[in-house]
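S.K.: starting from these lines, generate the structure:
(one chain, ligands or ions: 2)
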Amino acid sequence: MKRIKIKDLLAHGEVGAKVTVKGWIRTFRSNRFIALNDGSTINNLQAVVDFENTDEDLLKRLTTSAAVAIDGEVVESQGKGQSIEIVVEKIEILGDADPDEYPLQPKRHSLEFLREKAHLRPRTQVMSAVYRVRNALAYGIHKFFNEKGFLYMHTPIITGSDAEGAGEMFRVTNFDPLNPPKTEDGEVDYKEDFFGKAVNLSVSGQLEAEVGAMSMGEVYTFGPTFRAENSNTSRHLAEFWMIEPEMAFYDLDDNMDLAEEMIKYLIDFAMEQCPDDLKFLDQRYAQEQKGKPQNERSDLGLLERLDFVSKNDFERLTYTEAIEVLKRSKPFKKGKFKYPVDWGIDLQSEHERYLVEKEYKKPVILTDYPKDIKSFYMKQNDDGKTVRAMDVLFPGIGEIIGGSQREESYDKLLTRMNEMGVPQEELWWYLELRKFGTAPHSGFGLGFERIVLFVTGMGNIRDVIPFPRAPKSAEF
Ligand code: 4AD
Ligand code: MG
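M.R.: Numbers count the residues shown, from 1 in each chain. Ligands and ions are numbered 1, 2, ... in the order given. So this is what the prediction gives:
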């Protein structure tokens, strides 16, 4: 018999049909009821065993997480919670899971504990739901950009340039770490290295995406990026995925419109593709909110919040206006912010979250940041102080998108690179884009795990990527 996936069986299974299903046992109750899951859906299939006519040794092996193949007949369900179930005719154990050794019990484990079992955690409801939503969002991104006629562009992972100029890069080398070739001055001689120069893992595909935009018009990248920033927070990873659209002939307003449209599309798409997973995550979120102090609780449930964000315009204001709002705010006046608020500072997460969660109660796009806290490539405003940057700020998360209109003037870009110590020898090709057929253009980067965090309502970024990479943590 051909195997049918549980998702399809629950959706279309007809009473009386003979089927084969395969999966992992979630629970086995009363020597009779198997809850079977194969990863295709959060919902389990109930398989009813005729224990009187089943070998006792076999019954003992029906333990949580054992892999089984079951032949059976579809019947109307007697119990509640599902409309159909199957009556087992034949059961084959494909792989045992010794209950004395298997580390996950059919009960609620802490997410911290599950992180240490990253190879088994997708067998839990919560993690499998998160991974399916993550998958839907990834698909949604490609769908969105394809429908808009954007070209998916692959940018390199090994690069010689520091796109963000923040110096937080992982070096890639095949030197013997104990004995690298040295120059006469005693420095490591990267000329002798594999690529004949020092290279790193990319922190962003933007600079290469600009090459794409300035020829193909509208492109996007979606790939892994790497940052050696030592921030052990619930929103940072050392390896994360980023979506970076880059568009010729877009100004900052066009850029903001695209970012807003994309996020709303992704939220709607996830709600349409993963209703059962999101319903489960909504309940989990509600449970978790109950455990929080009153002032930290979200006013809206997860699904309500997704719906709200998808249906309402984001607030747009300049950085300068935001500083004024923060200075008028209660927490500022009462000295409740940990970090100072002054024009020129980099906004801290507490400031971003105040704006989003307390002041506007919706996503906020801040624009026109001071040039000294932003990257060299951003278009300079006429005031000489600010650049055409935009950050999209989200409730519970803070920055979810960072982007800008790009500096298209060769001279201004070169001056800025020199001021900021960005080596022009390495970025000669980037500068040449401004020499030959330059044009206004813009783009942004969406942190993929941050949107997954928002849509799933999970609290820690390490729980929305299968194998998180963070300081002192690269198991699996
Ligand atoms: O603001 P960032 O650093 O912007 C750039 O890299 C630009 N080159 C993007 C562009 O204009 N094409 O990063 C963009 C987004 C952030 O808003 C955040 O969502 C995410 O990437 N991000 C991280 N996500 C997880 N872990 C980290 N360490 C992250 N750093 C940035
Ligand atoms: Mg940023």
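S.K.: who touches whichever strand or helix holds residue 143?
M.R.: Assigned by DSSP states H and E, residue 143 belongs to helix 125-147. Outside helix 125-147, the residues that touch it by Cβ atoms under 8 Å, 6 or more residues apart in numbering are 37, 39, 42, 111, 114, 121-122, 152, 220, 222, 243, 245, 262, 265-266, 269-270, 273-274, 277-278, 280-281, 284, 448, 451-452, 455-456, 458, 463-466. In short, each C-beta sits where N, CA and C put it, glycine included.
S.K.: which secondary structure elements does the helix or strand harbouring residue 200 contact?
M.R.: Element membership of residue 200 [criterion: DSSP H and E] is strand 199-201. Where contact means 3 or more Cβ pairs under 8 Å, 6 or more residues apart in numbering; DSSP states H and E, strand 199-201 is packed against strand 158-159, strand 171-172, strand 218-226.
S.K.: tell me which of these sits most buried.
M.R.: Among the helices and strands packed on strand 199-201, the stretch with the highest mean neighbour count (mean count of other Cβ atoms under 10 Å) is strand 218-226, at a mean of 21.
S.K.: looks to me like residue 113 is in a strand.
M.R.: No. Going by DSSP: H, G, I helix; E, B strand; the rest coil, the assignment for residue 113 is helix, not a strand.
S.K.: what segments of the stretch 251-400 of the chain are strands?
M.R.: For the stretch 251-400 of the chain, the strands defined by DSSP state E, counting those that start in this stretch occupy 315-318, 364-370, 386-394, 398-405.
S.K.: paired strands for the strand holding residue 200, with orientation please.
M.R.: With DSSP bridges as the test, strand 199-201 is paired with strand 158-159 (antiparallel), strand 171-172 (antiparallel).
S.K.: and the first one, what's its mean pLDDT?
M.R.: Regarding strand 158-159, the rounded mean pLDDT is 96.
S.K.: quick one: that strand near ligand 1?
M.R.: No. Strand 158-159 does not reach ligand 1 (Cβ under 6 Å from any ligand atom); its nearest approach is 12.2 Å.
S.K.: swap in stretch 444-458?
M.R.: Yes. Stretch 444-458 is in contact with ligand 1 by Cβ under 6 Å from any ligand atom, via 444, 445, 447, 449, 450.
S.K.: list, one by one, the residues from the chain near ligand 1.
M.R.: Residues of the chain lying near ligand 1 by Cβ under 6 Å from any ligand atom: 163-164, 204, 206, 227, 229, 236-237, 240, 242, 244, 399-403, 443-445, 447, 449-450.
S.K.: just the buried residues from those, in ChimeraX please.
M.R.: Here is the ChimeraX command that selects only those of the residues of the chain next to ligand 1 that count as buried (16 or more other Cβ atoms under 10 Å):
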select :163,164,204,206,227,236,237,240,242,244,399,400,401,402,403,443,444,445,447,449,450
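S.K.: just the pLDDT for residue 183.
M.R.: The model reports residue 183 with a pLDDT of 95.
S.K.: next SSE after the helix holding residue 143?
M.R.: strand 151-152.
S.K.: helix/strand/coil for residue 63?
M.R.: Secondary structure, three-state DSSP: residue 63 is coil.
S.K.: does it touch residue 101 like I think?
M.R.: No. Contact criterion Cβ atoms under 8 Å: residue 63 and residue 101 do not qualify, at 10.4 Å.
S.K.: between the two, which one's more packed in?
M.R.: More crowded of residue 63 and residue 101, by other Cβ atoms under 10 Å: residue 63, with 18 against 6.
S.K.: how about the more buried one: what's its closest non-neighbour residue?
M.R.: residue 99 (4.6 Å; Cβ to Cβ, 6 or more residues apart in numbering).
S.K.: ok, the residue nearest to residue 286 when sequence neighbours are not counted to ligand 1 distance?
M.R.: In space, and not counting its chain neighbours, residue 286 is closest to residue 301: 5.7 Å by Cβ to Cβ, 6+ apart. For residue 301, the distance to ligand 1 (Cβ to the nearest ligand atom, to the nearest Å) stands at 24 Å.
S.K.: spit out the contact partners of residue 301.
M.R.: Residue 301 sits next to 282, 285, 286 when contact means Cβ under 8 Å, 6+ apart.
S.K.: take these and keep only those in helices.
M.R.: 282, 285, 286 (DSSP state H).
S.K.: for the second one, give me its contacts.
M.R.: For residue 285, the set of contacting residues under the criterion of Cβ under 8 Å, 6+ apart consists of 298, 301, 302, 457.
S.K.: hang on, the third one packs against residue 282?
M.R.: Yep, that's residue 302 we're talking about. Yes. In this structure residue 302 lies within contact range of residue 282 using Cβ under 8 Å: 4.3 Å.
S.K.: ok, now how distant is the closest residue to residue 102 other than its chain neighbours from ligand 1?
M.R.: In space, not counting the residues next to it along the chain, residue 102 is nearest to residue 65; the distance is 5.4 Å by Cβ to Cβ, 6+ apart. Counting by Cβ to the nearest ligand atom, the gap from residue 65 to ligand 1 is 31 Å.
S.K.: what of residue 362?
M.R.: In terms of Cβ to the nearest ligand atom, residue 362 sits 18 Å off from ligand 1.
S.K.: cool, and residue 58?
M.R.: Using Cβ to the nearest ligand atom, residue 58 is found at 47 Å from ligand 1.
S.K.: ok, how many other residues are close to that residue?
M.R.: Counted with other Cβ under 10 Å, the neighbours of residue 58 add up to 14.
S.K.: how is this protein divided into domains?
M.R.: Using automatic domain parsing, the domain parsing of the chain gives 6-106, 123-168+203-463.
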